[in-house]
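Q: with the input below, show me the fold.
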Amino acid sequence: MPHTLMRPDAVAARIAAGRPLVIAGDEALLAGLPRGRWIGGTAPAPDDGRLIVTELPEAATAVAIRSYDERTLPGIGAAAPENGFTVLAIPGFSAPHAAYAEGVFRVEGLFDRPLVGWIAAEHGARTPKVFDGVTGAVSDRVAVAAHVWLPPRLTPRAHVVNPFRPGDGDELVFGASGFSARHCRIGGEPVNLAAHMRERGIGLDRPLVADCFGTPVNVAIRAVNEDAGEVRFCAPVFAHLRYRFAAPRTQEAGPALPAGVRPAFACGCVRSPPPAAGLLGYGEIAYVVHNQTLVYLTVDEAG
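A: Okay, here's the model as predicted:
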């Protein structure tokens with residue numbers, strides 16, 4: 001597995017040795033780490049004082065740690081290494097989260113090079129936080145990224161394992177993009193989404209699924225307020241896509257890595273059963289923001 005559960009003193013030793021790291025867990029534990037080449041974000045972790053640590057590939061020729069706000073995030077694609085990848089951590093339900101998730105299709109060059117990461121959750125924090133290990137900055141208002149350069153002999157690839165598929169229910173079309181909705185259209189007729197879910201017996205375990213350039217992309221249901229007739233999502237719905245609620249799943253286990261795969265990075269979603277990855281967030285990033293999936297990155301010999 002790409003991640004290791006480590007005590008803060010052991011993590012500090014890796015940082016002092018100059019190892020580039022991606023670290024997730026409790027805010028207080030992250031805040032106690034020394035400065036160095038690492039990025040971090042709050043995420044569910046064992047309640048035994050350990051952090052979830054991913055060591056970036058030893059073969060990396062360079063690693064650059066950068067912070068982005070909602071105005072500069074559109075430039076993240078252009079900043080990515082020509083041969084390499086980016087790991088991005090965004091505080092959940094922040095301005096950068098909204099800006100990236102809703103504006104991802106306008107990020108120039110985004111799909112040219114692998115970009116993976118997670119939406120930080122509030123574990124031991126009042127709000128989700130991210131950490132820039134180089135400067136020591138802690139924030140719920142910016143995103144942090146590790147841009148990783150690789151030698152020409154290595155090729156990085158981003159992958160998504162989605163255990164859900166669209167069900168055979170009604171097709172939903174939204175009038176506007178965003179993290180919440182009261183109404184959608186079914187067969188051209190306006191329908192209250194919260195009432196539709198209640199009448200069909202659809203719970204929070206079934207995300208909306210859309211076809212995004214041939215890839216099924218989930219949008220998890222964060223909460224349903226029946227009094228207000230409003231449904232809130234963990235990622236935005238888009239007005240230009242068509243959605244169906246996912247077909248019910250019979251398996252209890254979360255999405256798993258393919259046999260024999262040893263990823264360089266992996267993360268899953270707090271809204272799914274525990275996946276094969278130990279790093280969990282409010283969403284997974286594989287170019288776009290996903291929900292209730294397993295995202296992983298491989299680095300293989302070019303060929």
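
Q: G117 reaches P96, doesn't it?
A: No. If you go by CB atoms under 8 Å, G117 and P96 don't touch, sitting 11.6 Å apart. Where you see a C-beta, it was placed from the backbone N, CA and C, and this is true even at glycine.

Q: tally of neighbours for E230?
A: 16 (other CB atoms under 10 Å).

Q: so what's it bridging to?
A: N225 (DSSP bridges).

Q: who's in contact with it?
A: S180, A181, R182, A194, V224 (CB atoms under 8 Å, 6 or more residues apart in numbering).

Q: residues contacting V217?
A: N162, V209, A210, D211, V288, H290.

Q: any idea which of those is least confident?
A: Within the set of those, pLDDT is lowest for D211 (86).

Q: was I right about that residue contacting L241?
A: Yes. Between D211 and L241 there is a contact under CB under 8 Å: 7.4 Å.

Q: neighbour count: those two, which is higher?
A: Between D211 and L241, L241 has the larger neighbour count (other CB under 10 Å), namely 17 against 13.

Q: and the more buried one, how far from G283?
A: According to CB to CB, to the nearest Å, L241 and G283 sit 16 Å apart.

Q: now swap in G40 and tell me
A: 17 Å.

Q: shaky segments in the stretch 101-250 of the chain?
A: 250 (pLDDT under 70).

Q: the same query, at a cut-off of 80, please.
A: Along the stretch 101-250 of the chain, segments meeting pLDDT under 80 span 123-125, 213-214, 250.

Q: residue boundaries of the strands in it?
A: 115-120, 130-132, 137-139, 143-149, 154-161, 172-173, 178-181, 183-186, 189-192, 208-212, 215-219, 221-225, 230-237, 242-245 (DSSP state E, counting those that start in this stretch).

Q: give me the sheet partners of the second one and which way each runs.
A: Its sheet considered, strand 130-132 pairs with strand 38-42 (antiparallel), strand 137-139 (antiparallel) by DSSP bridges.

Q: spatially nearest residue to H97 (excluding sequence neighbours)?
A: Nearest in space to H97, with sequence neighbours left out and distances taken as CB to CB, 6 or more residues apart in numbering, is I90 at 5.0 Å.

Q: break the chain down into its structural domains.
A: 3-160+254-301, 172-245 (automatic domain parsing).

Q: deepest-packed of those, please.
A: domain 3-160+254-301 (a mean of 20; mean count of other CB atoms under 10 Å).

Q: quick one: contacts of stretch 168-176?
A: So stretch 168-176 is contacted by 181, 183-187, 193, 196, 200, 208, 237-239, 242-245, 247 (CB under 8 Å, 6+ apart).

Q: ok, P236 - contacts?
A: A98, A101, E102, S177, G178, F179, V219, V289.

Q: what sits against the fourth one?
A: This means S177. E102, P236, V237, F238, A239, H240.

Q: surely the third one meets V219?
A: Spelled out, it's V237. Yes. Counting by CB under 8 Å, V237 does reach V219; the two are 5.6 Å apart.

Q: now do the shared contacts for these two.
A: L208, A210, Y243.

Q: as TSV, the residues you listed with distance to L29 would be great.
A: Compiled in TSV, these are given as follows (distance: CB to CB, whole Å):
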residue	distance to L29
L208	34
A210	37
Y243	38
